[in-house]
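> after the sequence you'll find the predicted model.
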Protein chains: 2
Amino acid sequence: MSERTISHESLYSFVKQVLLKCDVPEDAAHYVADNLVLSNLRGIDSHGVGRVKRYVGGIKDGYIVPDARPKVIRENSVMANVDADNGVGQFAGVYGMDLAIDKARMQGIGLVTVSNSNHYGFAGYYAMRALEYDFIGISLTNSEPLVVPTFGKDAILGTNPISIATPGSRNRPWVMDLATSVVPRGKLEVYERLGERIPHGWATDETGRSTEDPSRVLNNVLHSYGGGILPLGGEGELHGGHKGYGLSMM
Amino acid sequence: MSERTISHESLYSFVKQVLLKCDVPEDAAHYVADNLVLSNLRGIDSHGVGRVKRYVGGIKDGYIVPDARPKVIRENSVMANVDADNGVGQFAGVYGMDLAIDKARMQGIGLVTVSNSNHYGFAGYYAMRALEYDFIGISLTNSEPLVVPTFGKDAILGTNPISIATPGSRNRPWVMDLATSVVPRGKLEVYERLGERIPHGWATDETGRSTEDPSRVLNNVLHSYGGGILPLGGEGELHGGHKGYGLSMM
């Protein structure tokens, strides 16, 4: 495979063009492209522009509505529920976070939930939006079932990330963004591409035993054959696997 | 060591009497005794009545003020900062959570911070107070330095717990309460008492290497000799130790 260096500006324009061609409106296309390219720039390639193909596929298959507009379905001065109407996740995510920021500017706190949305890229993107206003930003989301609960056999939990961004005064902001599993799915895909075995304690197979074969795990979770990625803390309770399970439930 | 079974009612009365003798007022003594005994009843002996000796010691040494009353130092409709005035932690914890609940009853959300407080027992006690009002309760706190950051040598983080209680509709509430380290300190104390070695991956010694000697770790953290308990996810990044580190920072 030959390598080529592409500037992030060109990459951004390319991704945005692809989305515009799929009937994603200008503003939504901007947030998707910005989110994906920024993830690559931050070194998280599992959440970078590699995702565009899936988004385009989702639009073609009809489960992502390209021109959906998020709407507020319930609201008070500090909280809101937003329905993303099956649109692109990044647009709904920004809409939700900006609404939370607006409320926080008035009341000190804002809490917004988003339903009927799609993959929203990396969670830190939304948490970091709060930094501009010197606020602490928090973003949580769920994902499809990839993770087996402690002592469980089948993947029923998502890699459900937690992200928090805290402004710095003299120092730079502190930004945390982590999957509540030992590793996210993207890490298994990286090992699969490199033809390497994964470390013991990352995942279990369809028999419920620890496995070092990334392809087997990825195929199993894709077809719900059983097994999956382990929660942060690993297998059983000895090293706190039940804690990752609990954090995922959050 | 001979064993005796004591009813939790007697244990509660005994603990409360001890505190009253130390000039802790009736209401504060109730919350301390209730919190500690409930922890034993829930099977978390590391946070149970075994702590009374430390609290009494703290009062005698003057760093816990027995009759301190928490006071609000800043407040708006959804948030407040409470100064515990170096009083017993359980009293300030309940005061803070109940104030947050009051605000949530009016506004939908309440967020209260407590400063200048002491050990408040198990975090879930406060989170669970919200269940009575059908609210989700969250309680976080810090602790003295016991945990080494990922790739670090000295313990500078606390075992900083996260607790969340979510009401059930048909089912019982879901309550999570966990230290963001692989294990809390109490777990090492249990292994020490039993004369057992701790599993690899729980703690490091003063040289920065993994150790299986619980006494060495406990002595090291007590005297700041270096090393300590590892964050959830264990040593290094391979199994997500940096995630436990991040969660502890939360």
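Good, I have the coordinates.

> mind listing the helices for chain A?
Using DSSP state H, the helices assigned to chain A run over residues A:8-21, A:26-41, A:52-60, A:89-107, A:124-129, A:185-194, A:214-223, A:241-249.

> indicate which one of those is closest to B:Lys60.
The closest approach between B:Lys60 and any of the helices of chain A, judged by C-beta to C-beta, belongs to helix A:241-249 at 35.1 Å. No exception for glycine: its C-beta is placed from N, CA and C like everyone else's.

> the closest one and chain B in contact?
Yes: with C-beta under 8 Å from any C-beta of the partner chain as the criterion, chain B is reached by helix A:241-249 at A:242-244, A:246-247, A:249.

> format the helices of chain A as a markdown table; extra columns: mean pLDDT.
What follows is the helices of chain A, written out as a markdown table (pLDDT from 0 to 100):
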| stretch | mean pLDDT |
| --- | --- |
| helix A:8-21 | 98 |
| helix A:26-41 | 97 |
| helix A:52-60 | 96 |
| helix A:89-107 | 97 |
| helix A:124-129 | 98 |
| helix A:185-194 | 88 |
| helix A:214-223 | 95 |
| helix A:241-249 | 89 |
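
> next, format the ones you listed as JSON lines and append distance to B:Ser143 and mean neighbour count.
As requested, the helices of chain A are arranged in JSON lines below (distance: least, C-beta to C-beta, whole Å; neighbours: other C-beta atoms under 10 Å in any protein chain shown):
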{"stretch": "helix A:8-21", "distance to B:Ser143": "42", "mean neighbour count": "16"}
{"stretch": "helix A:26-41", "distance to B:Ser143": "34", "mean neighbour count": "20"}
{"stretch": "helix A:52-60", "distance to B:Ser143": "42", "mean neighbour count": "16"}
{"stretch": "helix A:89-107", "distance to B:Ser143": "29", "mean neighbour count": "21"}
{"stretch": "helix A:124-129", "distance to B:Ser143": "25", "mean neighbour count": "24"}
{"stretch": "helix A:185-194", "distance to B:Ser143": "31", "mean neighbour count": "17"}
{"stretch": "helix A:214-223", "distance to B:Ser143": "36", "mean neighbour count": "18"}
{"stretch": "helix A:241-249", "distance to B:Ser143": "16", "mean neighbour count": "24"}
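
> can you list those in TSV and add distance to B:Ala165?
Listed next are the helices of chain A as TSV, based on distance: least, C-beta to C-beta, whole Å:
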stretch	distance to B:Ala165
helix A:8-21	41
helix A:26-41	33
helix A:52-60	36
helix A:89-107	23
helix A:124-129	24
helix A:185-194	30
helix A:214-223	30
helix A:241-249	12
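
> between those, which gets nearest to B:Ile198?
Each of those has some distance to B:Ile198 by C-beta to C-beta; the shortest is helix A:241-249, at 16.6 Å.

> by contact count, what packs against that closest one?
With contacts defined as 3 or more C-beta pairs under 8 Å, 6 or more residues apart in numbering or on different chains; DSSP states H and E, helix A:241-249 has these neighbours: strand B:174-178.

> just want the angle from the strand it packs on to helix B:26-41.
90 degrees (axes from the mean of the first three to the mean of the last three C-alpha atoms, to 10 degrees).
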